[in-house]
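> Show me how the following folds:
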Amino acid sequence: GRRLAAIHDMYRAELDGVARLLAQIRARVAQPGELAPALAGTQLARNMAMFGTACGRDCALLQNHHDIEEQWMFPALSSAGGAALAPVIARLMAEHRLIHALIGDLHRAAEALVVDPGAAAFARCAEGFAALDRAIRSHFGYEETVLEEPLGALRVPI
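Model (predicted):
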C-alpha cells in the first residue's frame, strides 16, 4: 500500500508545479500563454498520445495508472477481498472518471487562455486547476487510506 502512495507522490509533484506556474502568472512573473505548453509538458500529458484515451493528451500517465488499477489491481482486490471492497472500488472508479473530465476541462481552459490572456480566461484556468487539484488529492488520500491495509494483507503487488 505504501508503494501506491509513492506513485501518487509523482502526480502530486506535477500538481505542485502547475500551481507554482499559476501563481507566477497571477504575479505577472510568467505569461498566461505559458500555461498550455506547461500542461502539455507534464509527464501526464507527454504520454497521453501513446494511449489515445478520451481525455486527449492531458492525462496519459494518470490514465495508465488508473487503467492498471481498474484492470489489474481492483480485480485482484475484489477477488481476494470479496464484497467488502466493492463499494470502495466503485467509488474509486467513479472518481477516476471525474478526474479525467476535470483534466479535459483544464486543458480546454488553458488553450482558451492562449487565445485570450485576459483576467476572465485566467480565472477559469485557476478555478479549473483548483477543482482538479482538490479532486486528485482527495482521491489519492482516500485511496491510500482505504487500500493500504488490504493491498498488504491480501498481498496484491503494486
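
> For G128, which non-adjacent residue is spatially closest?
Of all residues not flanking G128 in the chain, L106 sits nearest, at 4.2 Å (CB to CB, 6 or more residues apart in numbering). C-beta: built from backbone N, CA, C; applies to glycine.

> again, but for L35
Using CB to CB, 6+ apart, the closest residue to L35 is A110 (4.7 Å).

> quick one: the one you found and L39 touch, right?
Yes: between A110 and L39 there is a contact under CB atoms under 8 Å: 5.3 Å.

> Least confident secondary structure element in this protein?
Here the helix or strand of the chain ranked lowest by mean pLDDT, DSSP states H and E is helix 48-51, holding a mean of 38.

> After it, which helix or strand is next?
Using DSSP states H and E, the next helix or strand after helix 48-51 towards the C-terminus is helix 60-68.

> pLDDT averaged over the next helix or strand along the chain from that next one - what is it?
Per DSSP H and E, helix 60-68 leads on to helix 74-81 as the next helix or strand towards the C-terminus. Averaged over helix 74-81, pLDDT sits at 81.

> cool, stretch 28-38 as well?
Mean predicted lDDT for stretch 28-38 stands at 78.
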